[in-house]
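Engineer: return a 3D structure for these sequence lines:
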Amino acid sequence: MSENEFAALPGSERAALEDVEVVGPVDAAERITVTLILRRRAELPEELVEGPETLTREEFAARHGADPADVEAVRTALTSAGLEIVDSDAGSRRVVAEGPVGAITTAFGTDLNVVRNTDPVGGGQIEHRARSGELNVPVALDGIVEAVLGLDDRPQARINVSRLGAHAQAAQRKSYKPNALATVYKFPAGTDGTGQTLAILELGGGFVQSDLDTYFGILGIATPSVTAVGVDGGTNAPSNDPNSADGEVMLDIEVAGALAPKATQLVYFAPNTDRGFVDALSTAVHASPTPTVVSISWGGAEDLWTAQARKSFDAALADAAAMGVTVTVASGDNGSLDGQTDKKQHTDFPSSSPHALACGGTNLDADAAGAVTSETVWNGGTGKGATGGGVSDKFALPTYQGKAGVPTRVGTGKSGRGVPDVAAVADPATGYEIQVDGQMLVFGGTSAVAPLWAALICRLAQALGKPLGLVHTQLYAGVAAGQVQPGFRDVTEGDNGAYKAGTGWDACTGLGVPDGEALLAALRGAAAG
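Structural biologist: Okay, the predicted model is just below:
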C-alpha cells in the first residue's frame, strides 16, 4: 500500500521507552495477534449508563455493539493486507487478527523491536515488543477502528497488594480473617451472594484448589465455586512463590469468597498487556450469564496508558454499567504520587474512570466482636505504601460528584474525576490473613478492598433482587461537600501525601467505609423514591 492508502489512528501515540536495552528487531518469522476495537453502531446514552434501566447482553449487542458492515469492512481490509481474522465479537466491538511481522507492521504503519527492561510486577529483567510513534490503519477503516492493541506487549499494570513487612512494629500489627470484616462493616444479614456471579480479572499468577479448600476449611466456610477462564492465552499458572502474582490472585479469591461465599467466582487470566487487560474486561462483562460485579486489583498511572487503550477500557466499563454490572477497582498503593518519580500527583487507572467504583484503603483497629476503636487513612510512610487517591488528569468531574467537594488537582488547579469513591481496610499492618502457596500470610493493599466491595455488591444485589450497575449515582445521591453520606462511616484522619481526609468525601477514602445494613436501607429508599 502507498502512503495515501493509510489514515492515522488517533490516540495511538506511544513515546519511546527510556532506560531499556534494545535487543533488536522482532523476528520476521514471528506471528503477532492484535485486537481491534471498532466504533459503536450507535452511541451509548449517558442515562442508560447511569441506570437504573439496563440492557440484556443481546439487546446491548444489537443496539450498541459494532455494525456487522463495519466488522466485514475490517475483515476485507485486513485479509487484503495479508492478515488472518481469527475471531470477532460484535457485542464487545472486537476483531482479533493475526499475521507475520512484516504484514502486521505494514498494515499498521509501525516498527517493532524487542527490548529488555525491568518487570514492574515481579522485578527482574524481561523482554517484550515495543514501538513508538503513531499507528496507521488502511484508509478504508478510518473512523471504523478506534484502537489496535497488542503490537507493543510491554507490561501494562502492576498489582496493588502489599505484604506485612518488617517495618510494622509488633505493637502495631493486627490482622483479620476476611469473614470477620463482614461484622466490622455490617454486611447485610441473611445474605451470602447466592445467585450472583463475581468476576475477577488477573494478569498473572494463579491459584491451587487445595489451598482454597484448606483455607475455607479453616474459616469454616464451604469452598466457593471458583473457575479459571483463559483470555488471549492467559492461564491459571501458580508459581509456588507467595511474593509473585499468586499473592494477588489468592487475596482476591479468598477475600471475595470469605465475604460472599455463595457467589459463583469466575477468574479471568490474561497477559499483562494493554490488549490482555482490555480483552479480559470485555470478555468478563459480555459473558453469559452477565456478572453482578467485576473486581480489578491491577492498575497503573493514567499516563502509562495510550489514549486508545484508556478509551477502550473506559468504554468497556460503560458497557458494564449499561448491562447492570458494577466494576470495583483498587485505587493504588503508592499514595497521591501513584509511584511516579516526576513529583507530580497521579491517579491510578482504571480506578480513575468515572465508570469504575474506585476503592481506597484504611488502617483499621477493631476488636474480635467487630467494634471499631479507630480507622484512619492508610499511609505507612515512604516506601511502605499508602492509599492511592487524587484528581484525574484524564477524566472530567462526573455529574454524580459535582457537589461532593472534589478539590482541584494539586499542582495544576484543574478539576477532574475524584478518586476514590469508597474504602475499607488495606494497611498490611492491619491486614488480611490469607493462604498463598501453602502458607498462611498477612497481606494488605487496596487490592483487598476491590474484592471486599465486590462481595458487598453481590450481597446488596441479592437483597435487592437486582443488579446495581453504576451504583455511584445512588451512593452520591444528595451529596454535599463536608456531609457524611447515608450508608457510610466517615474516615476523617490521615493523608495519602498531597490530600488529607476530612468530613464527607475526600481524596483518600472517598465517601468512607461501608455500613452495609445502612447502605442497603439507603438503596432500598432510593429505589422506593
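Engineer: and the lowest-mean-pLDDT helix or strand in the chain, which strands flank it?
Structural biologist: Least confident helix or strand, the chain: strand 162-163 with a mean of 76, by mean pLDDT, DSSP states H and E. Strand 162-163 has the following strand partners under DSSP bridges: strand 439-444 (antiparallel).
Engineer: go through the strand it pairs with and flag the buried ones.
Structural biologist: 441-444 (16 or more other C-beta atoms under 10 Å). C-beta coordinates here come from the backbone N, C-alpha and C atoms, glycine included.
Engineer: ok, now stretch 237-256?
Structural biologist: By 16+ other C-beta under 10 Å, the buried positions in stretch 237-256 come out as 237-238, 242, 244-256.
Engineer: could you give me the average pLDDT of it?
Structural biologist: For stretch 237-256, the mean pLDDT works out to 95.
Engineer: off-centre distance for that stretch?
Structural biologist: Its chain's C-alpha centre and that of stretch 237-256 lie 16 Å apart, by C-alpha atoms, centre = their mean, to the nearest Å.
Engineer: and that stretch, end to end?
Structural biologist: 20 Å (C-alpha to C-alpha, to the nearest Å).
Engineer: and for stretch 298-306?
Structural biologist: Start-to-end, stretch 298-306 (C-alpha to C-alpha) is 17 Å.
Engineer: again with stretch 54-69
Structural biologist: End to end - C-alpha to C-alpha - stretch 54-69 spans 26 Å.
Engineer: which one is Ala180 nearest to, not counting chain neighbours?
Structural biologist: Leaving aside its sequence neighbours, Ala180 sits nearest to Gly370 (C-beta to C-beta, 6 or more residues apart in numbering; 7.0 Å).
Engineer: surely the one you found and Asn179 touch.
Structural biologist: No: with contacts counted by C-beta atoms under 8 Å, Gly370 stays clear of Asn179, the gap being 11.0 Å.
Engineer: the two: which is more packed in?
Structural biologist: The neighbour comparison of Gly370 against Asn179 (other C-beta atoms under 10 Å) goes to Asn179, with 19 against 14.
Engineer: which ones among the buried residues of stretch 237-256 are found in helices?
Structural biologist: Secondary structure assignment by DSSP state H places 246-256 of these in helices.
Engineer: can I get the residues you listed in JSON lines with distance to Asp427?
Structural biologist: As requested, these are arranged in JSON lines below (distance: C-beta to C-beta, whole Å):
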{"residue": "Asp246", "distance to Asp427": "21"}
{"residue": "Gly247", "distance to Asp427": "16"}
{"residue": "Glu248", "distance to Asp427": "17"}
{"residue": "Val249", "distance to Asp427": "21"}
{"residue": "Met250", "distance to Asp427": "19"}
{"residue": "Leu251", "distance to Asp427": "14"}
{"residue": "Asp252", "distance to Asp427": "18"}
{"residue": "Ile253", "distance to Asp427": "21"}
{"residue": "Glu254", "distance to Asp427": "18"}
{"residue": "Val255", "distance to Asp427": "15"}
{"residue": "Ala256", "distance to Asp427": "20"}
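Engineer: returning to what we had before: now the two most distant members of the buried residues of stretch 237-256.
Structural biologist: Largest separation among the buried residues of stretch 237-256 by C-beta to C-beta: Ala237 and Val255, giving 20.8 Å.
Engineer: in the top helix by length along the chain, what counts as buried?
Structural biologist: Determined from DSSP H, the single longest helix within the chain is helix 446-464. Under the neighbour-count criterion of 16+ other C-beta under 10 Å, helix 446-464 has 446-463 buried.
Engineer: and the next element down the chain from it?
Structural biologist: helix 472-475 (DSSP states H and E).
Engineer: how far out from the middle of the chain is that next one?
Structural biologist: Computed by C-alpha atoms, centre = their mean, the chain-centroid distance of helix 472-475 equals 19 Å.
Engineer: so what's the model's average confidence on that helix?
Structural biologist: 98.
Engineer: all further residue positions should be reported with the first residue as 557.
Structural biologist: Fine by me, first position is 557 from now on; the one you just mentioned is helix 1028-1031.
Engineer: pull the contacting residues for Pro976.
Structural biologist: Residues in contact with Pro976 (C-beta atoms under 8 Å, 6 or more residues apart in numbering) are 887, 907, 914-916, 943-945, 1002, 1063-1066.
Engineer: what about Phe951, how many residues close to it?
Structural biologist: Other residues lying near Phe951 total 21 when counted by other C-beta under 10 Å.
Engineer: excluding its backbone neighbours, what's nearest it?
Structural biologist: Nearest non-adjacent residue to Phe951, counting by C-beta to C-beta, 6+ apart: Arg973, 4.1 Å away.
Engineer: so who does that neighbour touch?
Structural biologist: Contact analysis of Arg973 by C-beta under 8 Å, 6+ apart lists 903, 908-910, 947-948, 951-954, 957, 962.
Engineer: now the two most distant members of the residues you listed.
Structural biologist: Ser909 and Val962 (15.0 Å).
Engineer: higher neighbour count, those two?
Structural biologist: A count of neighbours by other C-beta under 10 Å puts Ser909 above the other of Ser909 and Val962, at 26 against 22.
Engineer: three-state assignment of that one?
Structural biologist: Secondary structure, DSSP: H, G, I helix; E, B strand; the rest coil: Ser909 is coil.
Engineer: show me what contacts it?
Structural biologist: Contacts of Ser909 by C-beta under 8 Å, 6+ apart are 869-870, 873, 885, 951, 973.
Engineer: now with 6 Å?
Structural biologist: Going by C-beta atoms under 6 Å, 6 or more residues apart in numbering, Ser909 touches 870, 873.
Engineer: then Tyr1055?
Structural biologist: Going by C-beta under 6 Å, 6+ apart, the list of residues near Tyr1055 reads 892, 945, 1063-1064.
Engineer: ramachandran angles for the nearest residue to it once chain neighbours are set aside?
Structural biologist: In space, and not counting its chain neighbours, Tyr1055 is closest to Ala1063: 3.8 Å by C-beta to C-beta, 6+ apart. Backbone geometry at Ala1063, expressed as degrees, to the nearest 10, gives phi -90, psi 30.
Engineer: right, I'll leave it there.
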